[in-house]
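Engineer: Only the shape, not the letters, is given here:
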Ligand SMILES: Nc1ncnc2c1ncn2[C@@H]1O[C@H](COP(=O)(O)OP(=O)(O)OP(=O)(O)O)[C@@H](O)[C@H]1O
């Protein structure tokens, strides 16, 4: 049972950007603090919203900014004022950013715009504090105690530079060396890869008749993504240094099928593959056989045995089973749920269940299940409670849709411009969104639109290095981005869930979730790209006010997040005079107050909108990205639909987060019709449709790479501008 339940928290962490002056270090709890002075402290469930600033604007503008009195019982994004009327910022035609004689870009006079007007109220987050599941990462035991080959031990210490075992390694390696099947669950970044790689290498090198390359695979490792396949290959290759006769190999798509076939013909003893690619070879390559398979490892098993991969895994299991009966099977993940356990019952033989967070449960699965069934104590949500690394600080911020883009940009600037060695991963819900925001940020935050007269400082622009990773990129580009981000000391990786699983990217400091994940398991994997192997890390989940309930949904899985106020994120704009509105002249940044922060946010938003509206092509590109967002939004599973439902989206407000000045008419018409016809369908059909769509998205994200490459994003030109191809896809 969750401990400490009932303790109500109203958290606003002392979260600030380093170097930010105390005077404006934290915004007042509400921008409307002045107006409400003297009113009693708000009770539980009251809402906060943006109102007039507490300082300085002329009365007329103050009036213009203040919100109509609103008392809502329900938080919804939908809160229209004038039907479909654009509430846009200052039109660029009227107020262009004019280069002066000195070549300086003169900023437009920014009136407080509708960016801060007519937004839904931001609810207070009140939630029960839950006791998070904790796991100890390291043990004091060394690898010497395992009876491994001396060369393997010396490789672990000299090549991998590791001395003591992690908890999951200490528990798994002896069981696997005994020949047991296993179901291994331990938190992200706890060393599960070596927990199976060490026993595999130990057992293969010890075989009486030495393995020949031409024997073909003795071990098959299935992983969900190509990057994870490469990473696993790299680890196994290191472990195999003293055992040169054992040949590892990777099949991962994106490479020419012909060259993979040639490598298969020569022989691969430890074969690492994505399911789709392996199925392609099973169907088309004569030289692939599984008669000597001794190990089947399914890493990220819950993802691989999940929707989208099911069929492929069945083909693979049938192919292996037809050629070899006896082998060791290992399923691993940080989020092995009941569903996987049931599949494990079918595919594993008398397995040991290893779970670091509950050592008492390390016994054959049947016993565990029986105990659970008898006790009736655990709900299914509790069974899906996942451990989160102890040094991972999780945050959430509630941001109205209109302000989402500027908030993300301010957050990125705050971390990367003013701090050294910041590595951020930002998750989006689709490939199109990644492409869109990648180019938008390159062209605005790094491009001329926002450059100060003297140009961006070299150090700031090198820290603001944007990279992207998603399933629609050419493999060559994908690998390059993965490796570049992996090796760099700072930068921002914009990606889809293709980077959520298993990737071990060193020294990632922040994980930002711009779009909420589709399940608590995916939340865990996304945030798990930081705070690995006992290191520190932080995460930020950005939610719309209508999505605030998601915080409770996470809490039901024993996941605690603390709130950062949007105002605190935006306040970083006070440090950057590129966003200064002309009205404020030479006023020193140090005394910047809430009103000017709002205006600076507006300058930033205007830069985004100017960029998008500079050509019809870009507008259509932004609309397509918006459409992709809505499509992805419609695929949240049934149990989250009450939180994430397309009907609670205000299209006009969401459009702003794509740099669009108003809701695209044609888009709303087409998606509206579709939505209507969908809603008329019977429930069962609806469910199948959305499941189907989700499976489609997952498949394209984790594709084998064998399909026609025309959906792929071609190489960008050197200015990073979207190519025509991108715009068409
Ligand atoms: N015994 C050890 N001592 C020190 N570092 C280790 C040890 N074992 C593994 N590591 C390192 O810890 C990091 C995380 O390991 P790994 O990627 O295997 O984690 P994981 O549990 O598989 O994570 P995820 O669930 O995200 O896939 C890697 O950089 C790895 O080299």
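Structural biologist: Perfect, thanks for sending it. Bear in mind that the values here come from a model prediction, so they are computed numbers and not experimental data.
Engineer: ok, now how distant is residue 415 from residue 509?
Structural biologist: For residue 415, the distance to residue 509 equals 7 Å [Cβ to Cβ, to the nearest Å]. To be clear about C-beta, it is placed using only N, CA and C from the backbone, and glycine gets the same treatment.
Engineer: So between these two, which is more surrounded?
Structural biologist: residue 415 (24 against 19; other Cβ atoms under 10 Å).
Engineer: So that one belongs to a helix, correct?
Structural biologist: Yes: assessed by DSSP: H, G, I helix; E, B strand; the rest coil, residue 415 belongs to a helix.
Engineer: and the closest residue to it other than its chain neighbours, how many residues sit next to it?
Structural biologist: The shortest distance from residue 415 to any non-neighbouring residue, by Cβ to Cβ, 6 or more residues apart in numbering, is to residue 422 (4.5 Å). For residue 422, the neighbour count with other Cβ under 10 Å is 21.
Engineer: just checking, residue 422 touches residue 509?
Structural biologist: Yes: between residue 422 and residue 509 a contact is recorded at 5.1 Å, counting by Cβ atoms under 8 Å.
Engineer: Now do the shared contacts for those two.
Structural biologist: Between them, residue 422 and residue 509 share these contacting residues under Cβ atoms under 8 Å, 6 or more residues apart in numbering: residue 415.
Engineer: ok, now how distant is residue 220 from residue 248?
Structural biologist: Taking Cβ to Cβ, one finds residue 220 at 12 Å from residue 248.
Engineer: what touches both of these two?
Structural biologist: With Cβ under 8 Å, 6+ apart, residue 220 and residue 248 have common neighbours residue 271.
Engineer: Next, the contact list for the residue nearest to residue 349 when sequence neighbours are not counted, please.
Structural biologist: Nearest residue to residue 349, sequence neighbours excluded (Cβ to Cβ, 6+ apart): residue 181, at 5.2 Å. Taking Cβ under 8 Å, 6+ apart, we find residue 181 in contact with 328-330, 348-352.
Engineer: What residues does the stretch 51-200 of the chain have near the ligand?
Structural biologist: Proximity of the stretch 51-200 of the chain to the ligand is confined to 162, 165-166, 169, 188-194 under the rule Cβ under 6 Å from any ligand atom.
Engineer: For the helix or strand encompassing residue 152, list every residue counted as buried.
Structural biologist: Here residue 152 is covered by helix 150-158, with elements defined by DSSP states H and E. Across helix 150-158, burial judged by 16 or more other Cβ atoms under 10 Å covers 152-153, 155-156.
Engineer: Which single one of those residues is nearest to the ligand?
Structural biologist: Checking those against the ligand with Cβ to the nearest ligand atom, the nearest one is residue 156 at 7.9 Å.
Engineer: Could you work out the end-to-end span of stretch 165-183 for me?
Structural biologist: 19 Å (Cα to Cα, to the nearest Å).
Engineer: interface residues of the stretch 501-650 of the chain facing the ligand?
Structural biologist: Counting by Cβ under 6 Å from any ligand atom, the stretch 501-650 of the chain comes close to the ligand at 502, 504, 528, 532-533.
Engineer: run the last query once more with 8 Å
Structural biologist: Residues of the stretch 501-650 of the chain that fall close to the ligand, judged by Cβ under 8 Å from any ligand atom: 501-504, 506, 525, 528-529, 532-533.
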